[in-house]
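Participant: 3D model of this:
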Amino acid sequence: MDLKDTFTVEAPSEQVWALFWDFPKLAACLPGCESIERIDDSNFKAQVAQKVGPFKIALDLKLTLDEVQENKSVAFSGGGSDKRGNNLKIGRAALELNPVSANETSVSYDMDFTLFGKLGTLGNSIVKRKVEEMRGEFTRRIKEAVAAG
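Facilitator: Predicted structure coming up:
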């Protein structure tokens with residue numbers, strides 16, 4: 001499944017970039033994300049809890065940076081599982097920042113992921129509805145975090 005969006009925030013790209021590397025603030029912007037922790041220069045772990053259809057999941061994710069262009073873009077891959085056998089595999093997730101003006105930045109992201117286990121048995125419509133809900137919430141939270149400084 002693919003999750004992607006583009007939106008504009010009222011802030012210079014350097015400020016937006018800094019937000020994406022401030023892990024407590026970034027975790028607060030990601031729906032269901034409880035924490036993000038750097039393990040080393042290329043590896044991170046995150047904990048995510050979410051309700052998808054009738055299922056509650058609590059995933060422990062391991063993420064690896066695949067590519068970073070300072071103040072411009074980042075790509076990562078990874079995945080994880082929960083205690084109930086649900087799995088999330090992220091083939092590739094990419095985020096790109098493009099200055100629109102001195103005080104506006106376009107944020108684009110694209111994540112290719114696959115769900116396994118009970119989550120994988122849910123119909124596409126249920127998963128897509130949840131993904132759309134999370135997409136909207138992420139955009140709203142990023143804009144609020146940028147506005148708050």
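Participant: Quick one: residues contacting V131.
Facilitator: Each residue near V131 by Cβ atoms under 8 Å, 6 or more residues apart in numbering is listed here: M1, L3. Using the backbone N, CA and C atoms, a C-beta is placed for each residue, glycine as well.
Participant: May I see the buried residues of the helix or strand bottoming out on mean pLDDT in the chain?
Facilitator: The element with the least model confidence among the helices and strands of the chain, by mean pLDDT, DSSP states H and E, is helix 118-121, at a mean of 77. Burial within helix 118-121, assessed by neighbour count using 16 or more other Cβ atoms under 10 Å, is assigned to K118, L119.
Participant: Likewise for stretch 12-26?
Facilitator: Taking 16+ other Cβ under 10 Å as the basis for neighbour counts, the residues of stretch 12-26 that come out buried are P12, S13, V16, W17, L19, F20, K25, L26.
Participant: So which of these are in helices?
Facilitator: Counting by DSSP state H, these place S13, V16, W17, L19, F20, K25, L26 in helices.
Participant: Now find how far off-centre the lengthiest helix in the chain is within its chain.
Facilitator: Longest helix in the chain by number of residues, with DSSP H as the criterion: helix 124-148. Here the centre of helix 124-148 is set off from its chain's centre by 10 Å, with Cα atoms, centre = their mean, to the nearest Å.
Participant: repeat for stretch 56-72
Facilitator: On the basis of Cα atoms, centre = their mean, stretch 56-72 sits 8 Å off its chain's mean C-alpha point.
Participant: Give me the distance between S81 and R140.
Facilitator: 29 Å (Cβ to Cβ, to the nearest Å).
Participant: Same check on D112?
Facilitator: In this structure, D112 lies at 23 Å from R140, with Cβ to Cβ as the measure.
Participant: Can you get me a residue count around F55?
Facilitator: For F55, the tally of surrounding residues (other Cβ atoms under 10 Å) stands at 16.
Participant: which ones are touching it?
Facilitator: Contacts of F55 were listed using Cβ under 8 Å, 6+ apart, and they are R84, N86, K118, L119, L122.
Participant: 6 Å - rerun?
Facilitator: Contacts were defined as Cβ atoms under 6 Å, 6 or more residues apart in numbering; by that measure F55 touches K118.
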